[in-house]
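> Sequence first, predicted coordinates after that:
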Amino acid sequence: MGFWKTWFSTPESLATNKTTSFEEHTGEIRSGSGVNGDAAARNAERIVFSTERDIDLYELEELCDAVGWSRRPLRKVKKAIEHSFLVASMWQVRGNQRRLIGFARATSDHAFNATIWDVVVHPDFQGKGLGKALMKYVLRKLRSEEISNVTLFADPHVVDFYRTMGFMSDPEGIKGMFWYPH
Ligand SMILES: CC(C)(COP(=O)(O)OP(=O)(O)OC[C@H]1O[C@@H](n2cnc3c(N)ncnc32)[C@H](O)[C@@H]1OP(=O)(O)O)[C@@H](O)C(=O)NCCC(=O)NCCS
């Protein structure tokens, strides 16, 4: 498997698809990396998780467009990625093809706290357990940096998604508060 490292157990909803495997990638994701020459290997689909920051901003914009998010200036997205503590991406890799299918990032004080932002899974891949797998990947990475307080801002329609992973609203009555320029 070269430098592709098997990391995830297969989410149940995808377990029947024998050609899908789950991996973490620790280097640059290059087309064709780790793929044997035979046809079976070329056709096998892998879902790869990575913390590489070198994300094609246009590909990320396409992913965000696909879920209907408002566009943001790319220079600011680039800056936000550069200054994030953790950048997590999820890729569908098949032979020489790779496609960005999920993304999340976290900002942090590098000691106690981290906040997760921009969690997204492409609609073609939603409802298969991949959003949960991406969040688990992010949480595992944050825990490995000894970050113990993880927060996020959930859109109203996804509160239950985060609840399934143990996130709580207003623990001990604590309220998130916002300030916006007038
Ligand atoms: C929210 C999102 C990341 C979920 O990804 P996904 O791959 O579809 O989620 P999963 O299939 O891993 O679902 C995991 C669990 O959450 C539940 N779930 C998924 N989406 C949900 C939603 N919108 N509301 C409530 N529960 C949800 C699933 O039923 C599943 O429950 P289970 O573990 O009991 O079976 C994805 O729908 C998405 O990208 N949405 C658009 C962008 C967005 O709104 N991001 C969040 C911004 S705060």
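Sure thing, it's come through. Numbers count the residues shown, from 1 in each chain.
> element containing whichever residue of the chain sits closest to the ligand?
Going by CB to the nearest ligand atom, the ligand is nearest to G131 of the chain, at 2.2 Å. Where C-beta positions appear, they are placed from N, C-alpha and C, glycine not excepted. G131 belongs to helix 130-144 when assigned by DSSP states H and E.
> May I see the buried residues of that helix?
Residues of helix 130-144 classed as buried by neighbour count (16 or more other CB atoms under 10 Å): 130-135, 137-139, 141-142.
> what about V159, how many residues close to it?
Neighbour count for V159, taken as other CB atoms under 10 Å: 11.
> did I read that right, it in a strand?
No. Read with DSSP: H, G, I helix; E, B strand; the rest coil, V159 is helix and lies in no strand.
> Quick check: closest non-adjacent residue to it.
Leaving aside its chain neighbours, V159 sits nearest to S169 (6.7 Å; criterion: CB to CB, 6 or more residues apart in numbering).
> burial measure for the one you found, as a count.
11.
> Against V150, how distant is it?
Distance, S169 to V150, using CB to CB, to the nearest Å: 14 Å.
> same question, A104
Using CB to CB, one obtains 12 Å as the distance from A104 to V150.
> follow-up on the earlier one: can you list the strands that the next helix or strand after the helix holding G131 pairs with?
For helix 130-144, the following helix or strand on the C-terminal side (DSSP H and E) is strand 149-152. Sheet pairing of strand 149-152 (DSSP bridges) gives strand 113-121 (parallel).
> Mind checking which residue lies nearest the centre of the chain?
By CA atoms, centre = their mean, the chain has its centre lying nearest to F103, at 3.6 Å.
> is that one in a bridge, and if so with what?
Taking DSSP bridges as the rule, F103 bridges to S89, V120.
> From here on, call the first residue 92.
Let's use 92 as the start, then, which means that last one is F194.
> Dig out what E115 forms beta bridges with.
Beta-bridge partners recorded for E115 (DSSP bridges): K96, F140.
> Quick one: name the residues of the protein near the ligand.
Counting by CB under 6 Å from any ligand atom, the residues of the chain lying close to the ligand are 158, 210-212, 217-223, 245-246, 248-249, 251-252, 255.
> Show me which of those residues are buried.
210-212, 219-223, 245.
> Much appreciated, bye for now.
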